[in-house]
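1. Structure, please.
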Amino acid sequence: MLGLVGTLGGAACSDVAGGRVVDALGDAPESRDGDDDVGGEETLATSDGAEATETTDVVDAADPCGHAPRAAQCACDTHEACASGLCLAARGGPRVCATPCEEGCPEGLACRLVTPPGPGAEATFVCVDLGAQLCRPCRTSEECAGDFTASENRCVRFAPAIGAFCGVACSASGPACPEDFECKDMPDADTGNLAKQCVPRAGTPCTCSAEAIAEQASTDCRRGACAGERGCAAGGLGACDAPEPAPEGCDGLDNDCDGMTDPAFPNADGDALADCVDPDDDGDERDDASDNCLLVGNPDQDDADLDGTGDACDRPDAPLITATIPASPANDSTPVVVGTAAMHVTVTLYQGACAPPRGRVRRGRRPGNLPHAHLGRG
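-> Presented below is the predicted three-dimensional model:
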């Protein structure tokens with residue numbers, strides 16, 4: 001008998017033509033004839049005339065996705081769930097098991113060499129959806145590569161309040177963009193350079209795929225100088241949450257998004273809060289609600305005349321002499337003078353408006369907290 005001259009599992013791929021992988025001889029790999037079910041036992045002839053039996057997985061043609069590992073184009077969550085060893089992103093839906101290129105690629109897919117994950121995995125040609133990330137909200141072009149380390153798909157910017165979304169590389173002579181999309185020069189979010197990408201036609205907004213929702217994909221956006229973001233959630237693509245710029249109001253907010261908060265409003269202690277929103281205007285660690293001198297720091301809260309206003313910001317009234325003890329002239333010019341001078345204030349006494357000073361007194365205290373001072377001889 002003739003020896004085994006081929007290996008199972010498809011021919012080596014060296015080129016892609018017409019959506020199919022061709023082998024080294026230029027012929028597309030042949031499909032096997034067989035029953036509706038794929039699998040079972042196959043008997044092969046070996047070089048010494050013995051028979052060898054190969055057992056393959058059986059996939060029910062009526063329900064190819066109900067078998068593990070799953071067949072091509074069946075929904076999947078992990079690479080291990082697929083017979084091809086690859087679970088790839090698909091446009092507008094869940095991930096699907098990759099289709100080998102031997103039988104040609106379904107419409108909209110292209111044959112590419114992909115390396116399965118894991119140590120020692122060998123690259124294989126499979127049909128991939130190059131536009132799987134199309135319209136995904138993004139911040140960098142790396143997010144638009146999908147399952148590939150290298151891609152010409154770019155994250156491109158639209159109007160500031162719209163944000164940035166993944167495009168699909170295109171050219172005037174290349175494949176047409178999907179329906180409702182057009183090939184345009186768009187600014188690359190990474191570099192600002194223009195790149196030809198398939199993007200939605202005017203009036204056709206981007207929507208979130210199931211995968212973008214699951215991953216909560218998002219993009220930055222702006223309204224004037226105010227920055228925000230928008231992203232994919234269960235309800236779809238959210239609006240840009242950046243506030244509209246507004247004139248500054250004394251509210252502790254950067255209303256015009258210039259990086260400064262209430263810059264034109266009084267700020268007694270020079271901290272980050274204007275007085276209108278600062279609970280301690282003078283920075284003396286006394287809240288305004290209990291501070292007896294709001295705009296001058298006075299942590300000791302001294303109030304000599306007990307009028308509720310702290311000495312640090314209370315201009316003393318002109319002192320008044322209310323009595324002498326004992327009354328003149330029996331005091332021999334050495335009375336106790338009772339008056340309204342503040343504590344520690346020295347008062348000069350005059351006999352008349354134009355007379356020279358008679359003496360100076362200094363406020364002290366006596367039993368009963370009556371203010372008094374001893375008169376010294378002039």
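2. Break the chain down into its domains, please.
-> 64-128, 141-237, 279-315, 321-374 (automatic domain parsing).
3. name the element A227 belongs to?
-> Following DSSP states H and E, one finds A227 within strand 226-233.
4. contacting residues around that strand?
-> 137, 163, 208-209, 212-213, 215-222, 237-245, 257 (CB atoms under 8 Å, 6 or more residues apart in numbering). From N, CA and C alone the C-beta is placed, and that goes for glycine too.
5. now do 7 Å
-> 137, 163, 208, 212-213, 216-222, 237-243, 245, 257 (CB atoms under 7 Å, 6 or more residues apart in numbering).
6. Could you tell me which of those residues count as buried?
-> 137, 163, 208, 212-213, 217-222, 237, 240, 242-243, 257 (16 or more other CB atoms under 10 Å).
7. And the residues you listed, which is closest to V128?
-> Nearest to V128 among the buried ones among the contacts of strand 226-233, counting by CB to CB, is A212 at 17.7 Å.
8. Relative to C257, how far out is the closest residue to the closest one other than its chain neighbours?
-> Nearest residue to A212, sequence neighbours excluded (CB to CB, 6 or more residues apart in numbering): C232, at 4.4 Å. Counting by CB to CB, to the nearest Å, the gap from C232 to C257 is 25 Å.
9. where does the stretch 201-350 of the chain dip in pLDDT?
-> 316-318, 328-335, 341-345, 349-350 (pLDDT under 70).
10. so where do the strands sit in it?
-> 218-223, 226-233, 236-237, 321-325, 336-339, 346-350 (DSSP state E, counting those that start in this stretch).
11. Name the stretch among these that sits most buried.
-> The highest mean neighbour count among the strands of the stretch 201-350 of the chain, using mean count of other CB atoms under 10 Å, belongs to strand 218-223: a mean of 20.
12. can you pull the contacts of R154?
-> R154 touches 141, 144, 167, 188, 195, 197, counting by CB under 7 Å, 6+ apart.
13. The fourth one: neighbour count?
-> Counted with other CB atoms under 10 Å, residues neighbouring D188 total 18.
14. Ramachandran angles for it?
-> phi -70, psi 130 (degrees, to the nearest 10).
15. wait, doesn't it sit right on A195?
-> Yes: proximity of D188 to A195 meets the contact threshold set by CB atoms under 7 Å, at 5.0 Å.
16. how near is V114 to R95?
-> 14 Å.
17. do the same with C250
-> For C250, the distance to R95 - CB to CB - is 53 Å.
18. Those two - which one has more neighbours?
-> Per other CB under 10 Å, whichever of C250 and R95 has more neighbours is R95, with 23 against 16.
19. ok, A145 - contacts?
-> Contacts of A145 by CB under 7 Å, 6+ apart are 151, 153.
20. quick revisit: from the buried ones among the contacts of strand 226-233, pick the one nearest V338.
-> C257 (63.3 Å).
21. which residue packs closest to D307, ignoring adjacent ones?
-> D314 (6.7 Å).
22. How many residues are close by the one you found?
-> Taking other CB under 10 Å as the criterion, the count of residues near D314 is 19.
23. Need phi/psi at it.
-> Phi and psi for D314, reported as degrees, to the nearest 10, are phi -110, psi 110.
24. what's the spacing between it and L294?
-> Taking CB to CB as the measure, D314 falls 12 Å from L294.
25. How about A72?
-> Taken as CB to CB, the span from A72 to L294 is 76 Å.
26. next one: D271
-> 14 Å.
27. Between these two, which is the more surrounded one?
-> Neighbours were counted for D271 and for L294 using other CB under 10 Å; L294 has more, 18 against 12.
28. was I right about that one contacting P279?
-> No: in this structure L294 lies outside contact range of P279 using CB under 7 Å: 11.1 Å.
29. How about the secondary structure of the residue nearest to V128 when sequence neighbours are not counted?
-> Spatially, and ignoring its direct neighbours in sequence, V128 is nearest to R112 (4.9 Å; CB to CB, 6+ apart). The three-state assignment at R112 reads strand, by DSSP: H, G, I helix; E, B strand; the rest coil.
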